[in-house]
Every structure is written in C-alpha cells, then in structure tokens.
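Student: Quick one, structure for this:
(one chain, ligands or ions: 2)
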Amino acid sequence: MLGSQIRRLRRAGPGLRLSSLLVVLASGGYLLVLSGVTAGITDAATACPAWPGCGVAVETQHTPALVVAVAHRLTVGILGGLLAVAGWLAWNRDHSTRVRLALLLVGAMYALQIGVGATIAVTTPASFLSTLHLIVGIAVFWGLLVALVWTLEDEHGPALVGAFDRTAERSQEPDPEHLNSDRSPVLDRAIAYLRLTKPRLMWLLCLVALAGLALAGGPALDPVTVAGTLFGGVLAIGASGTFNNVLERDRDEQMQRTADRPLATETIPVGRATAFGTVLTVASVAVFLTFVNALAAALGLLAILFYSVVYTIVLKPHTSANVVIGGVVGGIPALIGWAAVTGTVGVPAIVLGMVIFLWTPAHFYNLALAYRADYERAGFPMLPVVAGEQKTARHIVLYFGATMLAAAGLAAVTDLGTLYAAGVLLFAAVFFHAVGRLYRHHSRSAALRTFHASNAFLAVLLGSILLETLVV
Ligand code: HEM
Ligand SMILES: CC(C)=CCC/C(C)=C/CC/C(C)=C/COP(=O)(O)OP(=O)(O)O
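Tutor: Numbering: from 1, shown residues only. Ligands and ions are numbered 1, 2, ... in the order given. Predicted structure coming up:
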C-alpha cells in the first residue's frame, strides 16, 4: 500500500501534475481548432498578412479579425511553451514510454502546424493548406487527449479496478418515499404513472429539440410549432420510458438503483402500463400530426421504436456496444426540432444529432461505473462489466473529446460564434476537472459528479445555441 503510494508520488512528482497540464493543453488545443473552424480566422489571415508579427500596427486597427489573429498567435505561443514544459515533465518524472512518445508526436505535429500556419499567413492560402491546418489541429488535440488518458492511467489506472463497487456512498435501499407514503392512493398512483415516463431526463431532451427548432427557425419561430413539438416530444419520451419499464421489469427488480420502480414493485400491473405506453404513443403522433407535421410524427415514432425495441430488447441485454449504438436515439429530437420548422432533415440538425450521439457514452459510462455491480447482477453487459473500469474511464474521455470535435463541427456549419465557443470551452474544462477527480478519487460520488458535469456541458452547449440564435 505504502509502496504503491510512493510509486504514485514519484510518477506525479511534487507540484505540477502532468495530467493537469495536459488538461490545460487539450483545452487550449481545442480552442485553436474551434477558432480555426469559425469564420473569424479566415478573415484573420487577411487581416494579419505577415509572420510571426502581423505586419500592421495593432494599436491603430482594432478590427475583430485582427484581434482574432493576434489572440490565435498568442495562444499558439503560450501552448508551445506549455507543451515544452509537458515534455520536460514527461522525461524528468517517472512517466511511461507511451506518454513520452505521444508527447513527442504531438510536438512534431505542433511544429508542422506552426509551419503550415505561417505559410497560410504569408501567401495567398491554397485551400488544401487550410484543410491540412485543420486536420493537423484536430490530430494535435486528439494526441493531447490520448496523452492525457495514458498519463491518468499511469498515475491512477489500477486503483480504479473494483473501486466503484466499494464506494457506495449513497444508500442502496429503495427510496421509502415511493414505497410507503402518507399521500392519497390516487396521488400515489398518479406519481407512479409519472415515474414510468422517466421525467428526470425530459428537460435535456426538450433542450435538444428546442436547439433544433432554433437553428432552423431563428427568432421568428412560431409558438404553436414550438409548443406542439415539445408536447409531442414529451409524450414520445414518456411512451419510450414506459415501454422500457415494462420490458425491463424483471431485471429492474434485481438492481438496487431501480428496484423501487413501479413495475418492479408491481405497484402498476404490466397490462395497464403497456396500455399507458400505447396511449402516450398515439397521443404523441396525434399531437405531432395536428400541430407540427408528418415528418416530426414519423421521427417521434421512430425514436419510440428505436429506444423500446432496438435499444431495450436487442442491444442492451446482448452487447457492450448497447449505449454507443443506442445513443442514436438521443439525436432524434434534434432532427424533430429542425423538421418541425422546415419539413426536412438538414445538415445542422444531423451535426447536432452527432453531438448528442457522441456525448451519450461520456454521459452514461459514469453511471455504468457507479452502478457496475448492479448491472452485473442484472446480467447487462455494460462496458465496465465486460471490459473493466479502466477501459470505461478511457472511453469517457475519448468520447467526450469526440463530442467536442462534433461541437466544433456544429460551429462550422452554422453561424454560432463567441458565446457558443466560450460556453463549450468552459464546460469542457469543468468536465475534464471532474474526470481528473474520477481518476484520483475513483469513488461513486466522483463518477456521479462526472455524470452531472456531462449533463451541464450539454445543457450549456444547447443553452448557448438558444441564446445565440434567438436572443443575440
Ligand atoms: C443510450 C442512451 C442513454 C442511456 C443508456 C442513459 C442512461 C441514463 C440513466 C441510467 C440515467 C439515470 C436514470 C434514473 O436514475 O432514473 C440517466 C439520467 C439522465 N439522462 Fe441519460 N441516458 C442516455 C441518453 C440520454 C440522452 C440522449 C439525454 C439527453 C439529451 C439524457 C439525459 C439524461 C438526464 C437529464 C438524466 C437525469 C439526470 C439527473 O437526474 O440529474 N440521457 N441516463
Ligand atoms: C423523441 C424521443 C422519444 C426521444 C427518446 C430519447 C430517449 C428516451 C433517450 C433516453 C435514453 C435513456 C434515458 C436511456 C436510459 O437508459 P436505460 O433505459 O438503459 O436506463 P435504466 O437502467 O435507468 O433503465
């Protein structure tokens, strides 16, 4: 025990931890990618036509393009310095060869990136150079993420194994509020039906649909379309949740987290719950058809079928890819929102759907870690059950990185700008901070904190889409 503590301290060294520095570097690398895909940087190349200085008097020209260009170059310089410090730490502390090699490769790509950037600045940029600049920028960001994951694994990886099962800080007993209350039986029954609809996740799915609506319609959105889309969507989510409760009632009974669900406790009979799910499905389709359009209705029905049949019956009990593939359903509300306004499926909605799809593993794998033993007991092949905690934690970081890239892609295909970029960057840093704690404390509460950080990230991303498209 003491020996492993000493080894860990040697790896981390006193003072600055390499993993903390890599979080700063990855965030900075992402800022460069994000600024590279927004329109500002294209104008910046023209506003700043020399290298390494701009060749124009910055004090006399305060154009936004020039500010972007100068900020870009300053960030490149600062990150270059930090990258050199990271290399120094990797070589002078007890870090693994794979971390050192990853940083060496990132350093080489960074040098190449500076060369390409300088060429773009001083020449009339050929489009292939701009594409190369973007690709190498993404590779630098990804290389930093991989280096971060490997560093965290070197520093804390083995400590994750079995740790979450041992740290059940939350009471595992079913919430007595649901089992024995002083409320009237009618109210109790109504609450039980409400619980079938999984209401806690509705707000975020509604935000996804709202973002789809806002990207398509801007400030001139029709209130009836908005209300119809949200109401039809809430009914569809309720139907999906109800069918999921029906289909999983036996396994829910075996999991401490879900043992108090109304079907697991037989508070609601299976037949009634199935009828309730069917009524919600019909009501959802009717609302979409009456107040929105046929495409929104079809997509809502597709989402219900996908979640109830493809995810719950086919994927979840049979493959550890269940959540990755199941994440597709989370993107459908984005398509519904867009379709409600345009009657079609558009590129921004597909890219927003990609953001949700890639975010889903980074969201759910934290719960899979926190409740690993529960899922194992119920026979679900969730990633931590079949591949272990370390691989799951690695996937949380990498899927989150992919989500960040998709978020940058969304900025590229829309007019989203500074507010969106700032929100995404800030809450990505909050998420990475939580991930650092997850590796260091490897406890259930740390996993739940990362889960909430993932929700906050998506909420801020969607909220800033709403602000930029509807208000600013
Ligand atoms: C296959 C995909 C997904 C899986 C397996 C998954 C899994 C879960 C689980 C197990 C919970 C806890 C539920 C409970 O305790 O009742 C949860 C909560 C939640 N999920 Fe997901 N989820 C997925 C997709 C999504 C999507 C697409 C969204 C929204 C965009 C979302 C938003 C939420 C929210 C807001 C909560 C509640 C958080 C809270 O209680 O604070 N989830 N999810
Ligand atoms: C428009 C529309 C219908 C969209 C539906 C999208 C939707 C319902 C996404 C949520 C997926 C979800 C909550 C999975 C929960 O996992 P789980 O069921 O494995 O969790 P559990 O272990 O708590 O049952």
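Student: is stretch 317-328 anywhere near ligand 1?
Tutor: Yes - residues of stretch 317-328 contacting ligand 1 under C-beta under 6 Å from any ligand atom: 323, 326, 327. (Each C-beta comes from the backbone N, C-alpha and C, glycine too.)
Student: quick one: stretch 436-451 to chain centroid distance?
Tutor: Stretch 436-451 sits 16 Å away from the centroid of its parent chain (C-alpha atoms, centre = their mean, to the nearest Å).
Student: Buried residues of that stretch, list them for me.
Tutor: Neighbour counts over stretch 436-451 (16 or more other C-beta atoms under 10 Å) mark 436-444, 446-451 as buried.
Student: Check stretch 405-418 too.
Tutor: 405, 406, 407, 408, 409, 410, 411, 412, 413, 414, 416.
Student: again with stretch 76-92
Tutor: 76, 79, 83, 86, 87, 89, 90.
Student: pLDDT averaged over that stretch - what is it?
Tutor: Averaging pLDDT along stretch 76-92 yields 95.
Student: what residues does that stretch touch?
Tutor: For stretch 76-92, the surrounding residues in contact (C-beta atoms under 8 Å, 6 or more residues apart in numbering) are 13, 16, 18, 21-22, 24-25, 28-29, 32, 95, 99-100, 103-104, 106-107, 110, 114, 117, 147.
Student: Stretch 279-297 now?
Tutor: 197, 224-225, 227-229, 231-233, 235-236, 238-239, 242, 300-301, 304, 336, 339-340, 343-345.
Student: chain center to it: distance?
Tutor: Between the centre of stretch 279-297 and the centre of its host chain there is 29 Å, according to C-alpha atoms, centre = their mean.
Student: Is that stretch in proximity to ligand 2?
Tutor: No - judged by C-beta under 6 Å from any ligand atom, stretch 279-297 and ligand 2 are separated, with a smallest distance of 7.7 Å.
Student: C-alpha coordinates for that stretch, PDB please?
Tutor: What follows is stretch 279-297, C-alpha atoms only, in PDB (Å, rounded to 0.1, in the frame of the first residue of the first chain):
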ATOM      1  CA  VAL A 279     -51.900   5.800 -25.200                       C
ATOM      2  CA  LEU A 280     -48.900   8.100 -24.900                       C
ATOM      3  CA  THR A 281     -47.600   6.800 -28.300                       C
ATOM      4  CA  VAL A 282     -50.900   7.500 -30.000                       C
ATOM      5  CA  ALA A 283     -51.200  10.900 -28.300                       C
ATOM      6  CA  SER A 284     -47.700  11.900 -29.400                       C
ATOM      7  CA  VAL A 285     -48.300  11.000 -33.000                       C
ATOM      8  CA  ALA A 286     -51.600  12.900 -32.900                       C
ATOM      9  CA  VAL A 287     -50.100  16.000 -31.400                       C
ATOM     10  CA  PHE A 288     -47.200  16.000 -34.000                       C
ATOM     11  CA  LEU A 289     -49.700  15.500 -36.800                       C
ATOM     12  CA  THR A 290     -52.100  18.100 -35.600                       C
ATOM     13  CA  PHE A 291     -49.700  20.900 -34.600                       C
ATOM     14  CA  VAL A 292     -46.400  20.100 -36.300                       C
ATOM     15  CA  ASN A 293     -46.100  17.900 -39.400                       C
ATOM     16  CA  ALA A 294     -45.900  14.300 -40.600                       C
ATOM     17  CA  LEU A 295     -42.100  14.100 -40.700                       C
ATOM     18  CA  ALA A 296     -41.900  15.100 -37.000                       C
ATOM     19  CA  ALA A 297     -44.600  12.500 -36.200                       C
END
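Student: in it, what counts as buried?
Tutor: Buried residues in stretch 279-297, counting neighbours by 16+ other C-beta under 10 Å, are found at 280-281, 283-285, 287-289, 291-293, 295-297.
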